[in-house]
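*Asks:* requesting a structural model of the entry that follows:
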Amino acid sequence: MLRFRGRGVFMVERLVLDTTYLLPLFGVDVGLKGFAECFPRVLDGFEVWFNPMSLVEAKWIVLRLLRRDPSRRGVLLLRFRRGLEALKLDERFRQTVLTSAAVEEVADRLLEVGVGDYFDRLIYATAVCYDAVLLTEDEELRRTAELDGAPRLKGVVCWEELLKEL
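*Replies:* As a prediction, the model looks like this:
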């Protein structure tokens, strides 16, 4: 399903990242095995896209962490701002449109199959509209991709599955 640009293979699969994979840029550990070592290979080997809604969701997660540990306020907020700058400067990341009529139509269809979280619906719909593989750890989204009546993704993989492709 995925094609890695390396070892003589030049066809690059388009990936849409779920928010999880942006969180380390903002100083949030996501606990994915080998992430720090292997994620740069993902960026070099695939066409990597993210929906800007993930930036809103990431900030929401950072703010939630601050409520749990206010002593980390300055550090987490600074890391978030630095992460935004790094994301903007790294040409390997591509930003999709936030939304469009087509994305909203797919997101609305996801309501019909029981996906309630708007962030999740928007990211899934973006992958559908960009004809991309969705990279996600979200089990609900992975199950949704298999449901009758759900909008069809080109593919859906988790980090562990992606590692096997590298």
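*Asks:* quick one: the nearest residue to residue 119 once chain neighbours are set aside from residue 22, how far?
*Replies:* Nearest in space to residue 119, with sequence neighbours left out and distances taken as Cβ to Cβ, 6 or more residues apart in numbering, is residue 57 at 4.8 Å. For every residue, glycine as well, the C-beta is placed using N, CA and C. For residue 57, the distance to residue 22 (Cβ to Cβ, to the nearest Å) stands at 9 Å.
*Asks:* now do the buried residues in stretch 29-45.
*Replies:* For stretch 29-45, a neighbour-count test (16 or more other Cβ atoms under 10 Å) marks 32, 35, 39, 41, 42, 45 as buried.
*Asks:* my guess is the last one contacts residue 166. True?
*Replies:* Yes. With contact defined as Cβ atoms under 8 Å, residue 45 counts as touching residue 166 (7.1 Å).
*Asks:* assign the spatially most distant residue from the centre of the chain to helix, strand or coil.
*Replies:* In terms of distance from the mean C-alpha position of the chain, residue 71 ranks first, at 28.5 Å (Cα atoms, centre = their mean). Under the three-state scheme (DSSP: H, G, I helix; E, B strand; the rest coil), residue 71 adopts helix.
*Asks:* confidence score at it?
*Replies:* Per-residue pLDDT puts residue 71 at 92.
*Asks:* what's the spacing between it and residue 41?
*Replies:* Residue 71 is 35 Å from residue 41, by Cβ to Cβ.
*Asks:* which stretches in the chain count as helices?
*Replies:* With DSSP state H, the ranges of helices along the chain come out as 35-45, 53-68, 73-89, 101-112, 118-129, 139-144, 159-165.
*Asks:* TSV for these, including distance to residue 26?
*Replies:* Supplementary listing: the helices of the chain in TSV, determined by distance: least, Cβ to Cβ, whole Å:
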stretch	distance to residue 26
helix 35-45	14
helix 53-68	6
helix 73-89	4
helix 101-112	24
helix 118-129	15
helix 139-144	21
helix 159-165	17
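*Asks:* which one of these has the most crowded surroundings?
*Replies:* helix 118-129 (a mean of 24; mean count of other Cβ atoms under 10 Å).
*Asks:* mean pLDDT lowest for which of the helices of the chain?
*Replies:* helix 159-165 (a mean of 90).
*Asks:* run through who's touching that helix.
*Replies:* 2, 4, 21, 32, 33, 34, 35, 38, 42, 135, 137 (Cβ atoms under 8 Å, 6 or more residues apart in numbering).
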